[in-house]
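Engineer: Just to be clear, the model below is a prediction. Sequence and coordinates:
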Amino acid sequence: MSAYEEQIERPGRLEELSASLGRPARLPPLKRLLPRGFMGRSVLILLLPLVLLQVIATWVFYDRHYDNTTWRLAQGLAGDVEVTLLLLDDPAMPQARVLDMAQDIFWMRGRILPDTELGESVAPRFGSILHERLQAALMERLGPRFAIDTVSLEKEVVVEVDLGEDLLHLEVNRKRLFSVTTYIFLAWMIGSSVVLFVVAFLFLRIQVRAISRLAKAAELFGKGLDLPHYRPEGADEVRQAATAFIQMRERIKRQLEQRTAMLAGVSHDLRTPLTRMKLELAMLRDSPEIDSLKQDVGQMERMIEGYLAFARGEGREEAKPTDLGDLLRRIVADAERGGAQIDLHIEQPLVLDLRREGIRRAVGNLIANAHRYGGAVSVRVGRRRGGVEILVDDTGPGIPEAQREEVFKPFVRLEESRNPDTGGTGLGLTIARDVARSHGGELTLHDAPTGGLRARLWLPL
Ligand SMILES: Nc1ncnc2c1ncn2[C@@H]1O[C@H](COP(=O)(O)OP(=O)(O)OP(=O)(O)O)[C@@H](O)[C@H]1O
Ligand SMILES: [Mg+2]
C-alpha cells in the first residue's frame, strides 16, 4: 500500500470530514453572530466601513456645518428683529407701516398686543440646535426681554418682545432659519451608499457563484459524479483554483483508469498459464502432492477471477438517482434466495445518486460475509451524520479490533477462515470499501450490539 493510500485508509476519516462540514462545531459567540457565507461576509466587509463613514461624516457635518449655518441664520433674524424694534421706536414711522415692511422684507408677520405680559419660551422636549441658536442670537441683540416658541406652529417660529406695556408678537417663516443643504447632503449620502451597495452586491454575486460552482464540482467529483460543462470562471484566483481542480480531476481519473486497466491486463494474462498448468496437472497421476498442487492452482484461479470481477466493476458505471430502500429490498431478496435469514429495516424513503451495480456488489458482499461468518443478519438504513448509513449486523464471532483494517486489504482472510469450505478470496471487503469511496462515502467495521460484527457503510447525500 502506498503512503497515500495508507493515509486515507484511516477509518472514519471521510465520515468525520463530511459530518463536520454539515454540522459546525460550537463557535465562540462573536463568530456565531457573523455571517458564515462568503457573500454575507463580503457584504459585511463592504457595509461596515460604509456605515461607519456615513456616521462619522454626518456627525462632523452636524457638528460643524449645520451648527454654523443655523447660527448665522439666527443672527440674521435677530438683526432683523432689532431693526424692526428700532423702526417701531421711531416716532416718524407709523406702526402699521413698520409691520407691513417687516412682513414684505423680513418675512415676519407682526402685530402689537396691547397690555400683555411677556410669556415663557417654549422649547422642543429633546432640545434643538435651532432653538438654542435663536435664543442665543436674540439674547445678544435684545437682552432678556423676549420669548420664543419654536414648537407650536408648524411653519413659523414665534418671537415675542416686551415693549414696556405692550408686546410685539412676530411669526417668522421657518425657512428663514433653516438650511435645505442639510437634507440634500443626507439624501446624497444615503442615496449614493445604496447605489454603491447594490452595484457591489451584484458584482459580488458573480464572484460567489464562481466559488460555489467550484465547490459543487469538487463535491460531486468526490461522490464520483461530474458537474457537466464545468469551466473556470470568476476572478483570477478562483479561475486558478478551478483550473488546478480540473487538472487534478483529470489526473485522478487517468490514474484510476490505468490502475484498472493494469489489474485487468495482469489478471487476464495470468489466466492462460494457469489454465495450461491445470491441464498439465490433470494429465499427471494422482498423488497427495499433486492434489495439493491442484488445490493451490484452484485457489489462484479464484483469486484471479475475483480480481477480474473487481476490475470490471470499476468500469464506468454511471450514478443514477436511485431509491435506496428499493435497491436494498432487491439485494436482500437475492441473498435470501441464497439461504440467508435477513431482517431488513428501512427508516425512511431515501433517493440519492448511486452506481447501482456497485452498491449491489458492496452490500451483497457485506450480507454474504454476515451470513457466512455470522448467522442471523440484520440490515438497517437511515439518515445519519449528514448522509445515509447502511448497517449490516450479524451475531457471529466478529473481527478483533486490531484486524479490522487488515481485512480490507486484498486477499486477506482471517486465519480461522482459511478453511477452503467457506470459499472466498478475500476481496469482498476490499471491493465494498472501494465502492463506498467511489461514492464519496466510507466503509468501517465495528462491534454490533447483537454481539457480532457491524459493517457501517456511509454515503454522502
Ligand atoms: N461478518 C464477519 N464476521 C466475522 N469475520 C468476518 C466477517 N466479514 C468478514 N470477515 C473476515 O474478514 C475476511 C475478509 O472478508 P472479505 O469479504 O474481504 O473476504 P472473504 O469473505 O473471505 O472472501 P470474498 O468475500 O471475496 O468471497 C474474511 O475472510 C473473514 O475472515
Ligand atoms: Mg466476503
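Structural biologist: In hand now; what should we look at? Ligands and ions are numbered 1, 2, ... in the order given.

Engineer: show me what contacts the residue of the chain found nearest ligand 2?
Structural biologist: Per C-beta to the ion, residue 428 is where the chain lies closest to ligand 2, at 2.7 Å. Every C-beta, even on glycine, is put in place using the N, C-alpha and C of the backbone. Shown in contact with residue 428 (C-beta atoms under 8 Å, 6 or more residues apart in numbering): 365, 366, 368, 369.

Engineer: Just put those in TSV and tack on pLDDT.
Structural biologist: Output for those, formatted as TSV (pLDDT from 0 to 100):
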residue	pLDDT
365	92
366	94
368	91
369	91
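
Engineer: Compare these and tell me which is most surrounded.
Structural biologist: Neighbour counts for the contacts of residue 428 (other C-beta atoms under 10 Å) peak at residue 366, which has 27 neighbours.

Engineer: So, low pLDDT: which residues of the stretch 51-200 of the chain?
Structural biologist: Counting by pLDDT under 70, the stretch 51-200 of the chain contains no low-confidence range.

Engineer: rerun that using 80 as the cut-off
Structural biologist: 58, 61-63, 65-66, 127, 178-183, 185-186 (pLDDT under 80).

Engineer: quick one: the strands in it?
Structural biologist: Taking DSSP state E, counting those that start in this stretch, the strands of the stretch 51-200 of the chain run over residues 108-113, 146-149, 156-163, 166-173.

Engineer: Kindly reformat the ones you listed as a markdown table containing distance to ligand 2 and mean neighbour count.
Structural biologist: Converted to a markdown table, these look like this (distance: least, C-beta to the ion, whole Å; neighbours: other C-beta atoms under 10 Å):
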| stretch | distance to ligand 2 | mean neighbour count |
| --- | --- | --- |
| strand 108-113 | 104 | 16 |
| strand 146-149 | 97 | 20 |
| strand 156-163 | 96 | 20 |
| strand 166-173 | 97 | 19 |
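
Engineer: Let me have the ones you listed in TSV, adding distance to ligand 1 as columns.
Structural biologist: Below are the strands of the stretch 51-200 of the chain laid out as TSV (distance: least, C-beta to the nearest ligand atom, whole Å):
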stretch	distance to ligand 1
strand 108-113	102
strand 146-149	94
strand 156-163	93
strand 166-173	95
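
Engineer: With respect to residue 433, which of those lies nearest?
Structural biologist: strand 156-163 (85.9 Å; C-beta to C-beta).

Engineer: okay, the angle between that closest one and strand 166-173?
Structural biologist: Computed by axes from the mean of the first three to the mean of the last three C-alpha atoms, to 10 degrees, the angle separating strand 156-163 from strand 166-173 equals 160 degrees.

Engineer: Any idea how far strand 156-163 is from the middle of the chain?
Structural biologist: 64 Å (C-alpha atoms, centre = their mean, to the nearest Å).

Engineer: Stretch 296-305 now?
Structural biologist: Stretch 296-305 has its C-alpha centroid displaced from the chain centroid by 51 Å (C-alpha atoms, centre = their mean).

Engineer: and that stretch, which residues are buried?
Structural biologist: With burial defined by 16 or more other C-beta atoms under 10 Å, the residues of stretch 296-305 counted as buried are 297, 300, 301, 302, 303, 304.

Engineer: Please apply the same query to stretch 341-354.
Structural biologist: 342, 344, 346, 350, 352, 353, 354.

Engineer: For the residues you listed, give me CSV that also has pLDDT, secondary structure and distance to ligand 2.
Structural biologist: What follows is the buried residues of stretch 341-354, written out as CSV (pLDDT from 0 to 100; DSSP: H, G, I helix; E, B strand; the rest coil; distance: C-beta to the ion, whole Å):
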residue, pLDDT, secondary structure, distance to ligand 2
342, 92, strand, 16
344, 93, strand, 19
346, 92, strand, 24
350, 91, coil, 25
352, 90, strand, 25
353, 88, strand, 26
354, 89, strand, 21
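
Engineer: Between these, which sits nearest ligand 1?
Structural biologist: The shortest approach to ligand 1 among the buried residues of stretch 341-354 belongs to residue 342, at 13.2 Å (C-beta to the nearest ligand atom).

Engineer: got the contact list for that closest one?
Structural biologist: The contact partners of residue 342, by C-beta under 8 Å, 6+ apart, come to 332, 335, 336, 367, 371, 377, 378, 379.

Engineer: what is it paired to in the beta sheet?
Structural biologist: residue 377 (DSSP bridges).

Engineer: Going forward, the N-terminal residue is numbered 809.
Structural biologist: Taking 809 as the first residue, the last one we looked at is residue 1150.

Engineer: could you measure it against residue 1202, distance?
Structural biologist: Distance, residue 1150 to residue 1202, by C-beta to C-beta, to the nearest Å: 10 Å.

Engineer: and for those two, which residues touch both?
Structural biologist: Contact criterion C-beta under 8 Å, 6+ apart; residues shared by residue 1150 and residue 1202: 1179, 1185, 1186.

Engineer: Quick one: residues contacting the nearest residue to residue 1001 once chain neighbours are set aside.
Structural biologist: Nearest residue to residue 1001, sequence neighbours excluded (C-beta to C-beta, 6 or more residues apart in numbering): residue 858, at 5.5 Å. Applying C-beta under 8 Å, 6+ apart to residue 858 gives the contacts 1001, 1004, 1005.

Engineer: Now with 10 Å, please.
Structural biologist: The contact partners of residue 858, by C-beta atoms under 10 Å, 6 or more residues apart in numbering, come to 997, 1000, 1001, 1002, 1004, 1005, 1008.

Engineer: contacting residues around the fourth one?
Structural biologist: When you say that, I think you mean residue 1002. Contacts of residue 1002 (C-beta under 10 Å, 6+ apart): residue 858.

Engineer: Quickly find the element holding the residue nearest to residue 1197 when sequence neighbours are not counted.
Structural biologist: Sequence neighbours aside, residue 1266 is the residue nearest to residue 1197 in space, at 5.2 Å (criterion: C-beta to C-beta, 6+ apart). Assessed by DSSP states H and E, residue 1266 sits inside strand 1261-1268.

Engineer: now do residue 1041
Structural biologist: Applying DSSP H and E, one finds residue 1041 in no helix or strand.

Engineer: do the same with residue 1014
Structural biologist: Counting by DSSP H and E, residue 1014 is found in helix 989-1030.

Engineer: Show me what the helix or strand following that helix packs onto, helices and strands only.
Structural biologist: Sequence-wise, the next helix or strand downstream of helix 989-1030 (DSSP H and E) is helix 1044-1091. Contacts defined by 3 or more C-beta pairs under 10 Å, 6 or more residues apart in numbering; DSSP states H and E place helix 1044-1091 against helix 989-1030, helix 1096-1121.

Engineer: Which single residue of the protein ends up nearest ligand 1?
Structural biologist: residue 1236 (2.2 Å).
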